[in-house]
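Colleague: Kindly generate the corresponding structure for this input.
(one chain, ligands or ions: 1)
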Amino acid sequence: MAEEGQIKLFKKALVIFYSRSGNTRFVAEELANRLSADLAPLRDKKSRKGIWGYFWGGFDSLMQHKTQLEDYNIELNNYDLIFIGCPNWAANIPPAIRTFLNQKYWGNKKIVFFCTQESMGAERVFNNLRGLVKGAEIVNEKYFNKVKENKDAAREQIKSWLAGLDLGL
Ligand SMILES: Cc1cc2nc3c(=O)[nH]c(=O)nc-3n(C[C@H](O)[C@H](O)[C@H](O)COP(=O)(O)O)c2cc1C
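Modeller: As a prediction, the model looks like this:
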(Lines give C-alpha, C1' and ligand atoms only; values in the text may rest on other atoms or scores of the structure.)
Protein backbone atom coordinates (compact mmCIF):
# COMPACT_ATOMS: atom_id res chain seq x y z
CA MET A 1 0.00 0.00 0.00
CA ALA A 2 1.43 3.38 -1.00
CA GLU A 3 2.10 5.87 1.80
CA GLU A 4 0.42 9.25 1.65
CA GLY A 5 2.22 11.40 -0.90
CA GLN A 6 4.03 8.44 -2.43
CA ILE A 7 3.88 8.25 -6.21
CA LYS A 8 3.39 4.92 -7.91
CA LEU A 9 5.41 4.78 -11.09
CA PHE A 10 4.42 2.15 -13.59
CA LYS A 11 7.58 2.93 -15.46
CA LYS A 12 10.88 2.13 -13.87
CA ALA A 13 12.98 5.02 -12.57
CA LEU A 14 16.57 5.25 -11.39
CA VAL A 15 18.08 7.92 -9.13
CA ILE A 16 21.83 8.39 -9.65
CA PHE A 17 23.66 10.82 -7.40
CA TYR A 18 26.94 12.03 -6.00
CA SER A 19 27.03 13.59 -2.54
CA ARG A 20 29.97 14.80 -0.45
CA SER A 21 28.17 15.90 2.70
CA GLY A 22 24.69 14.37 2.54
CA ASN A 23 22.42 17.05 1.06
CA THR A 24 22.14 15.49 -2.38
CA ARG A 25 21.88 12.06 -0.79
CA PHE A 26 18.91 13.26 1.25
CA VAL A 27 17.07 14.47 -1.87
CA ALA A 28 18.03 11.33 -3.82
CA GLU A 29 16.71 9.04 -1.08
CA GLU A 30 13.46 10.99 -0.82
CA LEU A 31 13.00 10.74 -4.57
CA ALA A 32 13.76 7.04 -4.70
CA ASN A 33 11.38 6.42 -1.84
CA ARG A 34 8.51 8.40 -3.33
CA LEU A 35 9.00 6.98 -6.82
CA SER A 36 9.83 3.43 -5.74
CA ALA A 37 12.94 3.96 -7.84
CA ASP A 38 16.34 2.28 -7.67
CA LEU A 39 19.11 4.31 -6.06
CA ALA A 40 22.67 4.46 -7.40
CA PRO A 41 25.30 6.46 -5.49
CA LEU A 42 28.52 7.33 -7.31
CA ARG A 43 31.74 7.33 -5.29
CA ASP A 44 34.88 9.28 -6.12
CA LYS A 45 38.13 7.40 -5.47
CA LYS A 46 39.75 10.71 -4.63
CA SER A 47 38.97 11.82 -1.08
CA ARG A 48 36.94 15.01 -1.00
CA LYS A 49 36.90 15.25 2.79
CA GLY A 50 37.95 18.20 4.89
CA ILE A 51 39.14 21.62 3.88
CA TRP A 52 41.56 20.31 1.25
CA GLY A 53 38.83 18.11 -0.18
CA TYR A 54 36.68 21.22 -0.44
CA PHE A 55 39.45 23.26 -2.03
CA TRP A 56 40.52 20.66 -4.60
CA GLY A 57 36.91 19.74 -5.24
CA GLY A 58 36.15 23.32 -6.21
CA PHE A 59 39.33 23.50 -8.27
CA ASP A 60 38.70 20.20 -10.10
CA SER A 61 35.14 21.26 -10.84
CA LEU A 62 36.14 24.65 -12.18
CA MET A 63 38.83 23.07 -14.33
CA GLN A 64 36.29 20.49 -15.53
CA HIS A 65 38.53 17.64 -14.39
CA LYS A 66 37.41 14.05 -14.39
CA THR A 67 38.24 11.54 -11.68
CA GLN A 68 38.29 7.82 -11.00
CA LEU A 69 35.06 6.28 -9.76
CA GLU A 70 34.58 3.30 -7.49
CA ASP A 71 33.10 0.42 -9.46
CA TYR A 72 29.40 0.76 -10.11
CA ASN A 73 26.80 -1.41 -11.74
CA ILE A 74 24.34 0.80 -13.58
CA GLU A 75 22.50 -0.39 -16.68
CA LEU A 76 20.70 2.67 -18.03
CA ASN A 77 18.71 0.64 -20.54
CA ASN A 78 16.76 -0.97 -17.71
CA TYR A 79 15.10 2.35 -16.91
CA ASP A 80 12.53 4.61 -18.52
CA LEU A 81 13.39 7.68 -16.48
CA ILE A 82 16.74 8.61 -14.96
CA PHE A 83 17.18 11.19 -12.20
CA ILE A 84 20.72 12.55 -11.87
CA GLY A 85 21.67 14.67 -8.88
CA CYS A 86 24.78 16.46 -7.69
CA PRO A 87 25.90 19.31 -5.48
CA ASN A 88 26.78 22.64 -7.01
CA TRP A 89 30.57 22.97 -6.79
CA ALA A 90 31.72 26.44 -7.75
CA ALA A 91 28.73 26.71 -10.10
CA ASN A 92 30.01 23.61 -11.84
CA ILE A 93 29.77 19.81 -11.83
CA PRO A 94 31.66 17.62 -9.34
CA PRO A 95 34.23 15.40 -11.10
CA ALA A 96 32.40 12.19 -10.16
CA ILE A 97 29.29 13.22 -12.08
CA ARG A 98 31.26 14.62 -15.02
CA THR A 99 33.15 11.33 -15.25
CA PHE A 100 30.03 9.21 -15.10
CA LEU A 101 28.17 11.27 -17.70
CA ASN A 102 31.15 10.90 -20.01
CA GLN A 103 31.18 7.14 -19.60
CA LYS A 104 27.63 6.55 -20.80
CA TYR A 105 25.64 6.89 -24.01
CA TRP A 106 22.68 9.21 -23.44
CA GLY A 107 20.85 9.13 -26.77
CA ASN A 108 17.06 8.92 -26.26
CA LYS A 109 17.31 8.68 -22.48
CA LYS A 110 14.81 10.65 -20.41
CA ILE A 111 16.58 12.59 -17.70
CA VAL A 112 15.58 14.71 -14.72
CA PHE A 113 18.44 16.72 -13.22
CA PHE A 114 18.51 17.91 -9.64
CA CYS A 115 21.10 19.84 -7.76
CA THR A 116 21.67 20.97 -4.18
CA GLN A 117 23.50 24.13 -3.19
CA GLU A 118 23.93 26.81 -0.55
CA SER A 119 22.33 29.63 -2.48
CA MET A 120 23.47 30.37 -6.03
CA GLY A 121 24.81 29.02 -9.32
CA ALA A 122 22.45 26.14 -10.08
CA GLU A 123 21.55 27.45 -13.53
CA ARG A 124 25.17 27.17 -14.59
CA VAL A 125 25.34 23.68 -13.15
CA PHE A 126 22.33 22.66 -15.23
CA ASN A 127 23.78 24.26 -18.35
CA ASN A 128 26.93 22.23 -17.88
CA LEU A 129 25.04 19.03 -17.15
CA ARG A 130 22.93 19.40 -20.28
CA GLY A 131 26.07 19.64 -22.40
CA LEU A 132 27.19 16.18 -21.23
CA VAL A 133 24.09 14.20 -22.16
CA LYS A 134 23.88 14.74 -25.89
CA GLY A 135 20.76 13.25 -27.45
CA ALA A 136 18.89 12.87 -24.18
CA GLU A 137 15.52 14.38 -23.42
CA ILE A 138 15.70 16.64 -20.37
CA VAL A 139 12.33 16.19 -18.70
CA ASN A 140 12.92 18.64 -15.86
CA GLU A 141 15.49 20.34 -13.62
CA LYS A 142 15.21 21.40 -10.00
CA TYR A 143 17.56 22.78 -7.39
CA PHE A 144 17.28 22.75 -3.62
CA ASN A 145 18.96 25.20 -1.25
CA LYS A 146 20.34 24.38 2.24
CA VAL A 147 18.71 20.96 2.31
CA LYS A 148 19.86 19.55 5.65
CA GLU A 149 19.26 22.86 7.44
CA ASN A 150 15.57 22.41 6.77
CA LYS A 151 14.70 18.85 5.93
CA ASP A 152 10.96 19.34 6.33
CA ALA A 153 10.94 22.16 3.79
CA ALA A 154 13.03 20.05 1.42
CA ARG A 155 10.60 17.13 1.78
CA GLU A 156 7.69 19.43 0.95
CA GLN A 157 9.51 20.86 -2.08
CA ILE A 158 10.27 17.38 -3.36
CA LYS A 159 6.70 16.25 -2.85
CA SER A 160 5.13 19.21 -4.70
CA TRP A 161 7.78 19.11 -7.42
CA LEU A 162 7.06 15.45 -8.17
CA ALA A 163 3.33 16.03 -8.07
CA GLY A 164 3.71 18.71 -10.75
CA LEU A 165 5.88 16.62 -13.05
CA ASP A 166 4.36 14.81 -15.97
CA LEU A 167 5.93 11.42 -15.37
CA GLY A 168 3.79 9.58 -17.86
CA LEU A 169 1.52 8.02 -15.28
C1 LIG B 1 33.85 22.68 -3.50
C2 LIG B 1 32.50 23.25 -3.20
C3 LIG B 1 32.03 24.33 -3.93
C4 LIG B 1 30.76 24.86 -3.67
N5 LIG B 1 30.31 25.91 -4.44
C6 LIG B 1 29.04 26.39 -4.24
C7 LIG B 1 28.51 27.44 -5.07
O8 LIG B 1 29.15 27.93 -6.01
N9 LIG B 1 27.25 27.90 -4.81
C10 LIG B 1 26.48 27.38 -3.80
O11 LIG B 1 25.35 27.85 -3.62
N12 LIG B 1 26.95 26.37 -3.01
C13 LIG B 1 28.20 25.86 -3.21
N14 LIG B 1 28.69 24.85 -2.42
C15 LIG B 1 27.80 24.26 -1.39
C16 LIG B 1 27.19 22.94 -1.86
O17 LIG B 1 26.68 23.05 -3.18
C18 LIG B 1 26.01 22.52 -0.96
O19 LIG B 1 26.42 22.49 0.38
C20 LIG B 1 25.48 21.17 -1.40
O21 LIG B 1 24.17 21.01 -0.93
C22 LIG B 1 26.36 20.03 -0.93
O23 LIG B 1 25.80 18.81 -1.34
P24 LIG B 1 26.24 17.42 -0.70
O25 LIG B 1 25.96 17.53 0.78
O26 LIG B 1 25.37 16.43 -1.36
O27 LIG B 1 27.69 17.23 -0.98
C28 LIG B 1 29.95 24.30 -2.64
C29 LIG B 1 30.43 23.21 -1.92
C30 LIG B 1 31.67 22.68 -2.19
C31 LIG B 1 32.16 21.46 -1.42
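Colleague: Nearest to the spatial middle of the protein, which residue is it?
Modeller: By Cα atoms, centre = their mean, the chain has its centre lying nearest to Gly85, at 0.6 Å.
Colleague: Got the confidence number for it?
Modeller: Looking at Gly85, its pLDDT reads 98.
Colleague: Doesn't it lie inside a strand?
Modeller: Yes - per DSSP: H, G, I helix; E, B strand; the rest coil, Gly85 lies within a strand segment.
Colleague: residues in contact with it?
Modeller: 15-19, 24, 27-28, 31, 113-116 (Cβ atoms under 8 Å, 6 or more residues apart in numbering). Glycine gets a C-beta too; all of them are placed from N, C-alpha and C.
Colleague: how about the helices in this structure?
Modeller: With DSSP state H, the ranges of helices along the chain come out as 23-35, 50-62, 95-103, 122-130, 151-164.
Colleague: Let me have those helices in CSV, adding mean neighbour count and distance to Val139 as columns.
Modeller: Formatted as CSV, the helices of the chain follow (neighbours: other Cβ atoms under 10 Å; distance: least, Cβ to Cβ, whole Å):
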stretch, mean neighbour count, distance to Val139
helix 23-35, 21, 13
helix 50-62, 15, 25
helix 95-103, 21, 16
helix 122-130, 18, 12
helix 151-164, 15, 12
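Colleague: any idea of the mean pLDDT for stretch 36-49?
Modeller: The average of the pLDDT scores along stretch 36-49 is 97.
Colleague: got the contact list for it?
Modeller: Contacts for stretch 36-49 (Cβ under 8 Å, 6+ apart): 6-9, 12-20, 25, 28-29, 31-32, 53-54, 56-57, 67-70, 72, 74, 79, 83, 94-97, 100.
Colleague: Much appreciated, bye for now.
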